[in-house]
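S.K.: Requesting a structural model of the entry that follows:
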Amino acid sequence: MNTDRIVRTFVEYFEERGHRRITGSTLLPPEDDPVLFTTSGMHPLTPYLEGRPHPLGGRLVNVQRCLRTTDLEEVGDSTHLTVFEMLGTWSLGDYGHRQSLDWAFGLLTEGFGIDPGLLYATAFGGDDRTGPDTASLELWQERGVPVELTVEDNWWSGGPTGPCGPDSEIFLWTGDTPPRSTPTGDGRWVEVWNHVSMGHRQLADGSLVPLPRNNVDTGLGLERLAAAVQRRTSVFECDLFDPWRRLVPALWPLDEPSLRLVCDHLRSAVVVIGDGVRPAGTGRGHVLRSLVRRVLTVVRRHDPSGSLGDLPDELVRHTLDHFRQGEDPHVVRRVLLEEERRFGRLLERGRRVLARPRFRGPLSEEDFHYLHDTHGLPRDLVLGLRPE
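M.R.: Residues are numbered from 1 along each chain as shown. Below is the predicted model:
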């Protein structure tokens, strides 16, 4: 089952259960939103989760592209990506948490053929503000899925204030042994689907007040699901990355962790450019610039003559097409190459600065801060130019 079929199966399953498909937004939130990028499927739906009626009703399904910088340092492992797609469903004051989990179990096991013995769930165990999530606990016990109760790990909130509530997360065993331990005890349990019973609003003082209605908000990472359905060991081995894994190793001699980072960051940069962002020193442009420069730092560590000019047009087109973006591939390549030239000038300046007598010995934290704040040289670039 390739990724396109996985998406169709997901959407059609919920359409058969009365959900209306809504169009996913770009990575760019509305202008009055303080967040730089859309980070989850629920992000554009916040006003409706807070009580506004949605024009398509109370049962919704969609596919939303997202970008998260909070996981940037984890990119390269088997589950994390910078830009990814989230499959989402919502009940806006319609059905409850238990029904949502029951449908999820049916889709995973019957629709996608995942062995129920490879599933584990977590649920909210209760705290001094609200009681345990008994609805989720009972549903999983009836389905024969083991459950681990936690507190902080199973309370979802989008920030210090706003909609929140207990969640139940579905984990999939990815190890090469029979399942063992629990999701909090063994990293081979990978979270694939989160279901939030969103019935509260958190105030600035940490207290909770009821929302006008109880909602259910769910999110399922497409690439993680694809890796599971396709029996792959990491998101970088699902079919979405097939062109990248076929073409990039022929360009630059990268080890596996570096290959994963380069594929992720370049793919993410193409999507960000495709949504209209350009490199800059602040805001969204700074995130894009950081992605491109991390790629260049890694590539040139392995191949000093490596250039983004080597990037095949096929990879740019494949990415833009998958994310349904209308940007001209030649424009994307031009933006990448212009940023590469800026990076080259930064390298030249960095070498001159690091040649000064002050920096000939071991570098202190004060030196790293000075090089970054005064000359715009980040730590990883300094270490690349002058390894300690």
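S.K.: Which positions are bridged to Leu87 in the beta structure?
M.R.: When bridges are assigned using DSSP bridges, the partners listed for Leu87 are Val63, Leu220.
S.K.: Asp71 versus that one, what's the distance?
M.R.: In this structure, Leu87 and Asp71 are 18 Å apart, going by CB to CB, to the nearest Å. The way it works is simple: take the backbone N, C-alpha and C, and place the C-beta from them, glycine included.
S.K.: the more surrounded of those two?
M.R.: The residue with the greater number of neighbours, taking Leu87 and Asp71 and applying other CB atoms under 10 Å, is Leu87; the counts read 22 against 14.
S.K.: dump the residue contacts of the more buried one.
M.R.: With contact set as CB atoms under 8 Å, 6 or more residues apart in numbering, Leu87 has these partners: 7, 10-11, 41, 61-63, 219-222, 225.
S.K.: Can you tell me which one of those residues sits lowest on pLDDT?
M.R.: Within the set of those, pLDDT is lowest for Gly41 (84).
S.K.: Now it. Its backbone dihedrals?
M.R.: Backbone geometry at Gly41, expressed as degrees, to the nearest 10, gives phi -70, psi -30.
S.K.: same deal with Leu92?
M.R.: Given degrees, to the nearest 10, the pair of backbone angles that Leu92 has is phi -100, psi 90.
S.K.: Could you double-check that it sits in contact with Leu49?
M.R.: Yes: Leu92 sits in contact with Leu49 when judged by CB atoms under 8 Å, with a separation of 7.1 Å.
S.K.: Show me the common contact partners of the two, please.
M.R.: Applying CB under 8 Å, 6+ apart, one finds that Leu92 and Leu49 are jointly contacted by Asn215.
S.K.: Tell me where the stretch 251-388 of the chain has helices.
M.R.: Assigned helices in the stretch 251-388 of the chain, in chain order: 256-274, 283-302, 313-322, 329-354, 365-375, 379-385 (criterion: DSSP state H, counting those that start in this stretch).
S.K.: With mean neighbour count as extra columns, can I get the ones you listed in CSV?
M.R.: Output for those, formatted as CSV (neighbours: other CB atoms under 10 Å):
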stretch, mean neighbour count
helix 256-274, 23
helix 283-302, 20
helix 313-322, 17
helix 329-354, 15
helix 365-375, 13
helix 379-385, 16
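S.K.: how about TSV for these, with mean pLDDT and distance to Pro55 added?
M.R.: Compiled in TSV, the helices of the stretch 251-388 of the chain are given as follows (pLDDT from 0 to 100; distance: least, CB to CB, whole Å):
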stretch	mean pLDDT	distance to Pro55
helix 256-274	96	27
helix 283-302	92	29
helix 313-322	95	28
helix 329-354	93	34
helix 365-375	89	48
helix 379-385	79	47
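S.K.: Minimum distance to Gln202: which of the ones you listed has it?
M.R.: helix 283-302 (27.0 Å; CB to CB).
S.K.: next one: that closest one to chain centre, how far?
M.R.: Here helix 283-302 is found 18 Å from its chain centre; the criterion is CA atoms, centre = their mean, to the nearest Å.
S.K.: one step back: for the contacts of Leu87, which one is nearest Gly326?
M.R.: Proximity of these to Gly326 was ranked by CB to CB; the top entry is Val63 with 17.3 Å.
S.K.: Would you agree the closest one is in contact with Val7?
M.R.: Yes: between Val63 and Val7 a contact is recorded at 5.9 Å, counting by CB under 8 Å.
S.K.: Can you pull the residues that touch both of these two?
M.R.: Taking CB under 8 Å, 6+ apart as the contact rule, the neighbours common to Val63 and Val7 are 87, 222.
S.K.: Could you list the low-pLDDT ranges of this protein?
M.R.: 387-388 (pLDDT under 70).
S.K.: which stretches of it form strands?
M.R.: Taking DSSP state E, the strands of the chain run over residues 20-21, 59-67, 83-92, 119-124, 147-150, 155-157, 162-173, 189-202, 208-221.
S.K.: could I get those as CSV with distance to Leu381?
M.R.: CSV is the format used below for these (distance: least, CB to CB, whole Å):
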stretch, distance to Leu381
strand 20-21, 44
strand 59-67, 22
strand 83-92, 23
strand 119-124, 40
strand 147-150, 39
strand 155-157, 36
strand 162-173, 37
strand 189-202, 33
strand 208-221, 31
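S.K.: Just give the nearest non-adjacent residue to Leu56, would you?
M.R.: Arg20 (4.1 Å; CB to CB, 6 or more residues apart in numbering).
S.K.: That neighbour: neighbouring residues, count only.
M.R.: When neighbours are counted by other CB under 10 Å, Arg20 registers 15.
S.K.: That one: what's it in contact with?
M.R.: Listed by CB under 8 Å, 6+ apart, the contact set of Arg20 reads 56-57, 59-61.
S.K.: so what's it bridging to?
M.R.: Per DSSP bridges, the residues bridged to Arg20 are Leu60.
S.K.: switch to numbering from 41
M.R.: New numbering, starting at 41: the last item is Arg60.
S.K.: State the distance from it to Leu100.
M.R.: Shown here: Arg60 relative to Leu100, a distance of 6 Å by CB to CB.
S.K.: Nothing else from me, thank you.
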